[in-house]
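>>> I would like the atomic coordinates for the input below:
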Amino acid sequence: MLHRHALGDFPRKPHTALREAGGRLLMEQMITREGFHGPYSILYHRLPPMQESGVESITLPGFAPVEPAAEQPLRRRHIRTQNLPPAGDYLTGRRTLLISASLDVGVAKPVENTRTFFCNGDGDELWFVKSGGGVLESVFGRLPFREHDYVLVPKGTFYRLTVTPPGATLLCFEGRPEIKIPSEYRNAWGQLSDYAPYSHRDFGLPTELVAYDAAAHGPPPFAVVMKRGGALTRHTFEHFPLDIAGWDGAVYPVTFNIHDYQPKTGLVHLPPTIHTTFAGTRFVICSFVPRIVDYHPQAIPCPYAHASVDMDEILFYVAGNFTSRRGIDSESISLHPAGVTHGPHPGTYEQSIGTQRTSELAVMADCYDPWRLTAEALRLEDPDYHLTWLDPKPAAGGWRPE
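Okay, the predicted model is just below:
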């Protein structure tokens, strides 16, 4: 949902006949958002996309259906996803860790590739590539991705992820009903404004249509796993499901590298919403990148204590020095739920005075709907995280910074 893009062949007017050499009439398909009111794309299939030869219910343990934690006392949480062993492919290795009414969060560490395609009918997906690279193949074409890319996949897209050996570490958001560029970043004509933290040039688009390759895709039949209502079904096609002659429109996958985000800095500390990169109806997803920090002579760059009473907050740590935290490593996910004050660990607040730059690289999400841990997340949790704000070295008359 960035701007109009097109690949391959399509007629001059929508909803008119398009024939290939030999006279075969192509089947037009519209992918629309918000009924017919929102953005859309029009695809031209060589064979009707409804031609399925079978469907069956399946489960992928750890991904869908999810198993919520039986109990979740209110406290700050630390999920050590670095302890999740690499396994499977982008589907069988996917683990859902946090669920809410509008935004689910998971991690995958695929070490192999699969012929199976996927279609999420519940929401848009936003993959963040913590490490590794590869290609997303979809009905919209080939889309290469690399380390520290976001890969935004619209709801209803037939696609598969193939990763370059030896594998990748991927963070995945599923946003309902959508994940989009915040409206405040666009001008009245729909163009990204010059005040936005990125430009149209920063986004990677599908480069070419996907041609069937027997070595890469295998012989028919082809499987597409579909997700709807939290349940999975496997649909069988006798023809290659990405066999598209062309398309145009504003609904298609894109990539955006976090290092292309243009951070804003102020005289004093700016709230984390200034780092918003993508947004949904009830959540935002933010990028923290290396940057110059606040430049008032008495500024305290380390974030202040914050009582968020309306939103849960998570942070996925990627790389660098996380100035406000201790005991946190790359691939950690912290969860600070609404109603529980969170802030810098003892000592880090005062130590940050005089700091001129930060090297942290992290992905944050804030959500109005409370997150619930899954059983998979409990197996990775650091149970003592909530108590790490207690200073182990109390001094006379108060707490002593380390």
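
>>> Now do the SS call for Glu184.
Following DSSP: H, G, I helix; E, B strand; the rest coil, we place Glu184 in the helix state.

>>> and it, how many residues sit next to it?
Neighbours of Glu184 under the rule other C-beta atoms under 10 Å: 10. Every C-beta, even on glycine, is put in place using the N, C-alpha and C of the backbone.

>>> which regions of the stretch 201-350 of the chain sit below the pLDDT cut-off?
322-326 (pLDDT under 70).

>>> Which stretches in it count as helices?
214-217, 348-351 (DSSP state H, counting those that start in this stretch).

>>> could these go into CSV alongside distance to Pro182 and mean neighbour count?
Compiled in CSV, the helices of the stretch 201-350 of the chain are given as follows (distance: least, C-beta to C-beta, whole Å; neighbours: other C-beta atoms under 10 Å):
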stretch, distance to Pro182, mean neighbour count
helix 214-217, 37, 11
helix 348-351, 30, 16
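
>>> got CSV for the ones you listed, with distance to Thr265 too?
Shown next, in CSV, are these (distance: least, C-beta to C-beta, whole Å):
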stretch, distance to Thr265
helix 214-217, 46
helix 348-351, 19
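
>>> Okay, the residue nearest to His275 when sequence neighbours are not counted and Thr273: tell me how far apart.
Leaving aside its chain neighbours, His275 sits nearest to Cys286 (4.0 Å; criterion: C-beta to C-beta, 6 or more residues apart in numbering). Cys286 sits 7 Å away from Thr273, going by C-beta to C-beta, to the nearest Å.

>>> joint contacts of the two?
Here Cys286 and Thr273 have Asp366 as joint contacts, going by C-beta atoms under 8 Å, 6 or more residues apart in numbering.

>>> out of these two, which sits in the busier spot?
Cys286 (20 against 12).

>>> ok, now which ones touch the closest residue to Leu378 other than its chain neighbours?
Once flanking residues are discounted, Leu378 sits nearest to Ala69: 5.3 Å by C-beta to C-beta, 6+ apart. Contact partners of Ala69, counting by C-beta under 8 Å, 6+ apart, are 372-375, 377-378.

>>> at 10 Å what do you get?
Contacts for Ala69 (C-beta atoms under 10 Å, 6 or more residues apart in numbering) come out as 99, 372-378, 381.

>>> Also Ala101?
Shown in contact with Ala101 (C-beta under 10 Å, 6+ apart): 176, 282, 367-372.

>>> any chance of these in JSON lines, plus secondary structure?
Below are the contacts of Ala101 laid out as JSON lines (three-state DSSP):
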{"residue": "Arg176", "secondary structure": "coil"}
{"residue": "Arg282", "secondary structure": "coil"}
{"residue": "Cys367", "secondary structure": "strand"}
{"residue": "Tyr368", "secondary structure": "coil"}
{"residue": "Asp369", "secondary structure": "coil"}
{"residue": "Pro370", "secondary structure": "coil"}
{"residue": "Trp371", "secondary structure": "coil"}
{"residue": "Arg372", "secondary structure": "strand"}
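
>>> Just the buried ones out of these, please.
176, 282, 367-372 (16 or more other C-beta atoms under 10 Å).

>>> Quick check: Ser102 touching Arg282?
Yes. Applying C-beta atoms under 10 Å, one finds Ser102 in contact with Arg282, separated by 4.4 Å.

>>> hang on, isn't Asp260 packed against Asp202?
Yes. Applying C-beta under 10 Å, one finds Asp260 in contact with Asp202, separated by 4.2 Å.

>>> got the domain boundaries for the chain?
Domains of the chain are assigned by automatic domain parsing as 5-75+84-257, 262-388.

>>> Give the full set of residues in contact with the most centrally placed residue in the chain.
Nearest to the mean C-alpha position of the chain, by C-alpha atoms, centre = their mean, lies Leu126 at 2.4 Å. Contacts for Leu126 (C-beta under 10 Å, 6+ apart) come out as 103, 150-153, 171-175, 179, 256, 277-278, 280, 285, 363, 365.

>>> Could you check how far it is from Leu7?
Counting by C-beta to C-beta, the gap between Leu126 and Leu7 amounts to 22 Å.

>>> ok so, going back, want to throw the buried ones among the contacts of Ala101 into JSON lines with distance to Glu137?
As requested, the buried ones among the contacts of Ala101 are exported to JSON lines (distance: C-beta to C-beta, whole Å):
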{"residue": "Arg176", "distance to Glu137": "24"}
{"residue": "Arg282", "distance to Glu137": "31"}
{"residue": "Cys367", "distance to Glu137": "30"}
{"residue": "Tyr368", "distance to Glu137": "34"}
{"residue": "Asp369", "distance to Glu137": "32"}
{"residue": "Pro370", "distance to Glu137": "36"}
{"residue": "Trp371", "distance to Glu137": "31"}
{"residue": "Arg372", "distance to Glu137": "33"}
